[in-house]
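*Asks:* Any chance you can model this:
(2 chains)
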Number of protein chains: 2
Amino acid sequence: MAIGTDFVAGGLRDGLVLNYASEREMIQRFAGPLPERGRPIDGLLDELAEVAHWSVAQSDPRYLAFPDSGSSVAAALASIVSTFLNQNLITFDRGAPAASVIELQLIGWLRELVGYPTRPLTEYDGLRGVGAMWTSGGNMSNHVAIATALAARWPQVHREGVRGLPERPVIVLARQVEHFSYRAAAQVLGLGSDALVWSAAAPNHTSDVAALAAALADPPDGARPFMVVGVAGNCRTTGIDDLAAIADVCAEHDVWFHVDACHGGSLLFSERLRGRLTGIERADSVSLDPHKGLFVTYPSSYLLVRDPADLARFARYPEKLNDPDCLDLGLITPFYGSRGFESLRLWALITHLGRAGVAALVERRQHTFEEMSQLLRDTGMFRFVGDSDFYRCAFVFCPRPAGELLEQLSARRETRPPLRAIVSKYTRAYAEELYRSGAVVFDLFALEDLADRLGLGTTDKFDVMGMCVGHPDIDDATRQQITEHLVATGEKLMPAMLAELRLLGDGEAADDSCLVLGPAGW
Amino acid sequence: MAIGTDFVAGGLRDGLVLNYASEREMIQRFAGPLPERGRPIDGLLDELAEVAHWSVAQSDPRYLAFPDSGSSVAAALASIVSTFLNQNLITFDRGAPAASVIELQLIGWLRELVGYPTRPLTEYDGLRGVGAMWTSGGNMSNHVAIATALAARWPQVHREGVRGLPERPVIVLARQVEHFSYRAAAQVLGLGSDALVWSAAAPNHTSDVAALAAALADPPDGARPFMVVGVAGNCRTTGIDDLAAIADVCAEHDVWFHVDACHGGSLLFSERLRGRLTGIERADSVSLDPHKGLFVTYPSSYLLVRDPADLARFARYPEKLNDPDCLDLGLITPFYGSRGFESLRLWALITHLGRAGVAALVERRQHTFEEMSQLLRDTGMFRFVGDSDFYRCAFVFCPRPAGELLEQLSARRETRPPLRAIVSKYTRAYAEELYRSGAVVFDLFALEDLADRLGLGTTDKFDVMGMCVGHPDIDDATRQQITEHLVATGEKLMPAMLAELRLLGDGEAADDSCLVLGPAGW
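*Replies:* The predicted structure is shown next:
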């Protein structure tokens, strides 16, 4: 406990977000043979403190790479309690009596937030009405969504498999705003990545609705689209699709509408912000990822299905579905058998804060994000790529003098590839320098500049940094510290970048390697 | 923390394993609308204490339904630390620097315990050599095993899906000793449950090796077996397959050999007991489930693959596989993206106790299990069904006088169905009575009496109880308390059972409904 709180408070990490060590150094530090004899608890605690010392604090407000802050006190308390409870949510009796009810109630709340039909839990009449399940992460929630949609269209798939279907099932989704989980899921669920039919993204990094409609209207030979993915906050710039328009298209083509709200789901708590997700209530399924935007620790994700009958199709004993005295969740949770009481954390967060309290945090975070975006602008060190709808933005390192050179040089089309390479190179260098300092952490990934903000073309990927604000508040002193560090890092790298740009102006080439580094780019 | 330790110590549950309430009562207690306003932390803590009060303590030695005791102190401490660390094992940089190394080292230890080829972690040369992954449970580990085996046989499946394969892939496994996860996986991985080719079980509740071989030699038309499942401790009676013999059969037929050691894996720590799993080192993949037999809390499961190249096939960026400076585990973990530092708990257990210390616990548990089995016998209340290889046994309620009647009556073949019904009925009644008392907990599930121990036939299922000893030690006072409670419960139910048996002797029929209740029966 002391190690945990010491880590969060910063003591165990020398006041930094992290103490940097390379892969090789970290291996040297922690590698060791299977111990034949053990060590006393005190020795173990020393070792745990050492592990903490070399860990990254997502709970630190200077950690700005992902939103997974895990900073809720209520959820942390619940996490400790649930460790000791160690309930098994596969069954009610003998496994998890109170926990099963708590999870069901939480599911009801989440369904209500999405705008799905709900009834009071006191009217529970069997597993057929549950309509949602916990999963270990957004990746898995999307897997479950695909499996659910597939069986909704072709129930025989559970028995006959994909080979038994009369048509080749395909999923339509927009490239460039997608999450890696769809390809991963297609690969392991027997569909194959060829089952992904890619349409275009709009310049604001959202799914182009007309392109989705066109893909549905003209699928490949022998293929039958069974699912469209709407993105409620892409993982790179948080652009939110026009969900209502996609719902219309899906209805017209009679195809399952899945909304990936792993990032945007937190906005549902806020009366002020939830309007950005209008149409989500018409989705056939929704992925939510509280361990991303909702301040609870891993693992916390949920897949909601508008018509609970579609989830009930996984039932191992269909005859139990209508039994109001059966609360064995393991009967309707594909991929999961024995599993712990992970739902207690989100339940505790909502119980402690109420809907309004969560909304206040989400709204403050939105305000903080806007202030932090302004902070980035004010440094004069960066240029933005794409738009942001909420907590995350993407940008390259491009201090003002470099930007001026860029504008002059990019007038000639043939200099654009080397210019892109230089911008990417110094953006990588900036992000790495920052990360290794342990003082501020941005994400680093690859992104197309779809709106051509940099004037260097829309089709090739840049290495970009991402700033993601996972905390409701960042105090003035921290902001000041961040600003100073950002400016100092930029000033350190600027001369070399300017020199390289000038060389290019003089006709020299540059290295154009492009790395893909952070998860957002996966 | 106080709530957690109070729960484990028994105070929060009135000294019982659980306070029983029905599904309906529990819903009344915890159902409520989405709260608009929250409540202070004190109120939340009261609510968490209430949840604990209505939870089941698997950590109590009188809990004898499943092995998931979660009782390791080292693992509990690690669990608390990992909550606060909230590392994200999708990546090394920005996600989980120390944690990635700790997990890799743990994986190395597990591979060594299985008998797989290993190298010191200091010789790490890229993700291609990892050869194992954490999962959320045995169910998922088995899913990953199937997906891995499928792609090992037909690499094109990742792109073309199951429809693109030249043959229909099927899995061969023994009925009656199987775990539900294989059917569940076949349903969602695009194979369909028709892809399971069932062979027979031997009378000792293990896979009949000759029957597996026969099924491989003569698959259904157009079908190609790609995987055989060996069971290292079935979930009902812990019978362990002859793994070496199955390995021979698999080698002969060139088919992937998966060993489900979710239950038996803990024996690998013990020099004395690991001989029972001889042959596991020849398996192509092994599922381990430390949250079952190894005293750590949920979620803790691992899928190990003998040839790491087979897991590396899932790589999102194959070019990163050979990079000794890439430790981003999320690149080779199908089904998982962002995920927490769950491995810290098992790592802490092994670090604290050493291999020898874990072995001592496992061996003491084995001894305790044998003593507890004798305790059951000594009550004169039960008759065993099947054999046990380690911590779990199955039995029916059949007090001696009932047993005598049973033997007389079963001589007539036509009375066997009603006799089975009576035995099942009173076994259910016994298990329920016991459970609701909160004083002792057995599992309740359905099982065929394959060795005909009861003399009532081998093909129909009985409702049976399961006793599973998850604790290394059960003290004398607790044993005495358990004995007294078992005898008292038996004496309460015996008169009605005897009366019903005598009525049957006089020619009356009985109700023959048969319920499937506990997870082991799923």
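*Asks:* rest of the way, CA atoms for contacts and neighbours
*Replies:* OK.
*Asks:* Now do the longest helix along chain A: which elements does it pack against?
*Replies:* Counting residues, the longest helix found in chain A (DSSP state H) is helix A:343-379. The criterion is 3 or more C-alpha pairs under 8 Å, 6 or more residues apart in numbering or on different chains; DSSP states H and E, and the helices and strands that helix A:343-379 contacts are helix A:73-85, helix A:97-114, helix A:476-505, helix B:41-53.
*Asks:* That one to helix A:97-114, inter-axis angle?
*Replies:* Helix A:343-379 and helix A:97-114 meet at an angle of 40 degrees, taking axes from the mean of the first three to the mean of the last three C-alpha atoms, to 10 degrees as the criterion.
*Asks:* Paired strands for the helix or strand following helix A:343-379, with orientation please.
*Replies:* Read in the C-terminal direction, the helix or strand following helix A:343-379 is strand A:382-385, with elements assigned using DSSP states H and E. Applying DSSP bridges, strand A:382-385 is found paired with strand A:392-397 (antiparallel).
*Asks:* Residues contacting the strand it pairs with, please?
*Replies:* For strand A:392-397, the surrounding residues in contact (C-alpha atoms under 8 Å, 6 or more residues apart in numbering or on different chains) are A:236-238, A:369, A:373, A:381-387, A:423-424, A:426-427, A:430, A:463-469, A:490.
*Asks:* Stretch A:201-208 too?
*Replies:* A:173-177, A:199-200, A:230-231, A:234, A:237, A:239-242, A:386-387, A:450-451.
*Asks:* Check stretch A:34-53 too.
*Replies:* Stretch A:34-53 is touched from outside by A:3, A:7, A:12-13, A:18-19, B:74, B:78, B:81, B:85, B:98-99, B:109, B:348, B:350-357, with contacts defined as C-alpha under 8 Å, 6+ apart.
*Asks:* Tell me how far the nearest residue to A:Ala244 once chain neighbours are set aside lies from A:Leu267.
*Replies:* Once its chain neighbours are removed from consideration, A:Ala244 has its nearest residue in A:Gly279; the separation is 4.0 Å (C-alpha to C-alpha, 6 or more residues apart in numbering or on different chains). Distance check for A:Gly279 against A:Leu267: by C-alpha to C-alpha, to the nearest Å, it reads 13 Å.
*Asks:* if you count what's nearby, which of these two comes out ahead?
*Replies:* Between A:Gly279 and A:Leu267, counting by other C-alpha atoms under 10 Å in any protein chain shown, A:Leu267 is the more crowded of the two (25 against 19).
*Asks:* any idea of the pLDDT on the more buried one?
*Replies:* Note on A:Leu267: pLDDT of 98.
*Asks:* just A:Ser59 next, same as before
*Replies:* At A:Ser59, the model reports a pLDDT of 96.
*Asks:* Which segments of chain A make up each domain?
*Replies:* Residue ranges for each domain of chain A read A:2-66, A:78-155+A:167-354, A:380-521, as given by automatic domain parsing.
*Asks:* Comparing those, which stretch has the densest surroundings?
*Replies:* domain A:78-155+A:167-354 (a mean of 23; mean count of other C-alpha atoms under 10 Å in any protein chain shown).
*Asks:* Who are the contact partners of A:Leu419?
*Replies:* When contacts are counted by C-alpha under 8 Å, 6+ apart, A:Leu419 is found next to A:406, A:410, A:456, A:501.
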